[in-house]
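Asks: Got a predicted structure here, sequence first:
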Amino acid sequence: MIDFVLASTSPARKKLLSEAGIQFRDLAPGVDEDQMVEELAPQTPSELTELLARAKAEAIATTETTALVLGCDSALFFEGQTLGKPLASSVAIERWKAMRGKSGSLFSGHHLIDVQNNRAVSLVTSTEVFFADLSDQEIETYVATNEPLQVAGGFTIDGLGGAFVERINGDYHTVVGLSLVGLRKMMRELGLDYQSLWR
């Protein structure tokens, strides 16, 4: 069985892999994302998410000898801006007031490293997300749960925020933050069998 490591502590990504029948370890990569973005100044959401996914995977890969390491990162591209985690309630409220009734594209970057064979592959996936036209009260009540503060774009599709995503155009798992279809494609590119990850 492949020793599969998720270079993330994201509850949504861990839940997704567990529900997909994948056995894995999860480790915190300890990457200073803000500093990297400031230094390298990626120009697009695709560049940003791929850069951070690679940094996370590489941070863990340096401590492993035989593992398959996956790093992921997500961001929302909305009206010409790349949006990460709101972190503050005031930011989340303003963001939702701008997003309601509109759509944006959720980008998820993936970087997969086969440590033993010193091979790696990157993939960025994106899905268009259509947001419900929420009232101010609905927005404030949602933000008060704190759920939106620590997630890319300020919403989830697999939690409380699921009721506020009217529809998507693309891969559901990309919106969660880890594309299973993408993982299968990357593994195939590395000559590995995705189904070997199943418990």
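Replies: Thanks, I have the structure now.
Asks: Quick check, central residue of this structure?
Replies: G177 (2.9 Å; Cα atoms, centre = their mean).
Asks: Just confirm that one contacts L6, I think it does.
Replies: No - G177 lies out of contact with L6 (Cβ atoms under 8 Å); the separation is 10.7 Å. (Each C-beta comes from the backbone N, C-alpha and C, glycine too.)
Asks: which secondary element of the chain has the worst mean pLDDT?
Replies: When the helices and strands of the chain are compared on mean pLDDT, DSSP states H and E, helix 33-40 comes out lowest with a mean of 86.
Asks: what's around A57, how many residues?
Replies: Here the count is done by other Cβ atoms under 10 Å, and A57 has 28 residues near it.
Asks: so where does the closest residue in space to it that isn't next to it in sequence fall, helix or strand?
Replies: When the adjacent residues along the chain are set aside, A57 lies closest to G71, with 3.0 Å between them (Cβ to Cβ, 6 or more residues apart in numbering). Take DSSP states H and E as the rule and G71 turns out to sit in strand 68-78.
Asks: Between helix 33-40 and that strand, find me the angle.
Replies: In this structure, strand 68-78 runs at an angle of 80 degrees to helix 33-40, with axes from the mean of the first three to the mean of the last three Cα atoms, to 10 degrees as the basis.
Asks: Can you give me the buried ones in the helix or strand following strand 68-78?
Replies: As assigned by DSSP H and E, the chain's next helix or strand after strand 68-78 is strand 81-83. For strand 81-83, the buried set under the neighbour-count rule, 16 or more other Cβ atoms under 10 Å, comprises 82-83.
Asks: One more: stretch 173-185?
Replies: Within stretch 173-185, the residues that qualify as buried are 173-180, 182-183, 185, counting by 16+ other Cβ under 10 Å.
Asks: Which parts of this protein are strands?
Replies: Under the criterion DSSP state E, strands of the chain are mapped to 4-6, 25-26, 68-78, 81-83, 103-114, 119-131, 165-169.
Asks: biggest helix in the protein by residues?
Replies: Within the chain, and with DSSP state H defining each element, the longest helix by residue count is helix 45-61.
Asks: Please work out which residues outside that helix touch it.
Replies: Residues outside helix 45-61 that contact it (Cβ atoms under 8 Å, 6 or more residues apart in numbering): 5, 7-8, 27, 29-31, 33, 36-37, 40, 42, 67, 69-77, 82, 105, 107-113, 115, 120, 122, 124, 126.
Asks: what pLDDT, on average, does it get?
Replies: Mean pLDDT, computed over helix 45-61, is 96.
Asks: Ok, stretch 156-163 next?
Replies: Taken as a whole, stretch 156-163 carries a mean pLDDT of 96.
Asks: In it, which residues are buried?
Replies: Within stretch 156-163, the residues that count as buried by 16+ other Cβ under 10 Å are 156-159, 161.
Asks: Among these, which one sits closest to V143?
Replies: Proximity to V143 was ranked across the buried residues of stretch 156-163 by Cβ to Cβ; first place goes to G161, at 10.3 Å.
Asks: can you pull the contacts of the closest one?
Replies: With Cβ under 8 Å, 6+ apart as the criterion, the residues that contact G161 are 142, 147-148, 155.
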